[in-house]
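A.B. asks: this one's sequence-less:
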């Protein structure tokens with residue numbers, strides 16, 4: 001991997017080693033030392049480059065992160081409340097409307113089933129609104145009185161007796177009779 005080393009360079013390496021440590025070095029040791037020096041030089045460059053990149057990334061992160069410090073818990077709570085109040089309210093109102101819609105749709109289904117089960121319900125509507133109901137001996141009774149005037153019978157309050165048929169008729173709505 002490293003370039004060729006000349007005799008002159010080997011002699012210089014051996015001389016500098018002997019001058020520094022006082023020991024003589026053989027040629028193989030000088031070659032291995034040169035090879036190690038080349039490799040560690042490349043490794044050192046890679047480490048320096050990585051350190052520089054990590055430093056740049058740290059500066060970038062520090063520039064994007066804004067630390068917030070509070071005096072006490074109440075101030076931190078107020079900050080969080082102010083930051084998340086509007087989204088929380090939107091979610092809460094959405095949940096309320098969804099629950100209301102589901103409740104109304106269930107009520108609609110119940111009413112729809114009732115009307116389908118009792119098709120004559122509309123005919124009895126006015127009578128249900130004005131009828132008088134009394135409880136006698138734990139039984140409920142619809143209270144009616146004989147009609148005073150056949151032309152103006154009150155719905156749900158008066159009845160008319162038809163003697164020929166021996167029946168009581170109760171008007172269900174005001175109108176032509």
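C.D. replies: That came through, no problem. What you are looking at is a predicted structure, and each value in this text was computed from that prediction instead of being measured.

A.B. asks: Regarding the residue of the chain most remote from its centre, what is its secondary structure?
C.D. replies: Largest separation from the mean C-alpha position in the chain: residue 24, at 77.0 Å (CA atoms, centre = their mean). Classification of residue 24 by DSSP: H, G, I helix; E, B strand; the rest coil places it in coil.

A.B. asks: Excluding chain neighbours, what is closest to it?
C.D. replies: residue 18 (5.5 Å; CB to CB, 6 or more residues apart in numbering). The C-beta positions use only the backbone N, C-alpha and C, and glycine is treated the same way.

A.B. asks: tally of neighbours for the one you found?
C.D. replies: Using other CB atoms under 10 Å, residue 18 is surrounded by 12 other residues.

A.B. asks: related to what we said a few turns ago, if I look at the residue farthest from the centre of the chain, how far off is residue 62?
C.D. replies: Computed with CB to CB, to the nearest Å, the distance linking residue 24 and residue 62 is 53 Å.

A.B. asks: how does this protein divide into domains?
C.D. replies: Per automatic domain parsing, the domain ranges recorded for the chain read 7-64, 68-117, 126-169.

A.B. asks: between those, which has the poorest average model confidence?
C.D. replies: Of all those, domain 126-169 carries the lowest average pLDDT, namely a mean of 75.

A.B. asks: What is the end-to-end distance of it?
C.D. replies: Length of domain 126-169, first residue to last, CA to CA, to the nearest Å: 15 Å.

A.B. asks: which one is residue 10 nearest to, not counting chain neighbours?
C.D. replies: For residue 10, ignoring the flanking residues on the chain, the nearest one in space by CB to CB, 6+ apart is residue 30 at 5.0 Å.

A.B. asks: Who are the contact partners of that neighbour?
C.D. replies: Shown in contact with residue 30 (CB atoms under 8 Å, 6 or more residues apart in numbering): 10, 13, 14, 17.

A.B. asks: Okay then, goodbye and thanks.
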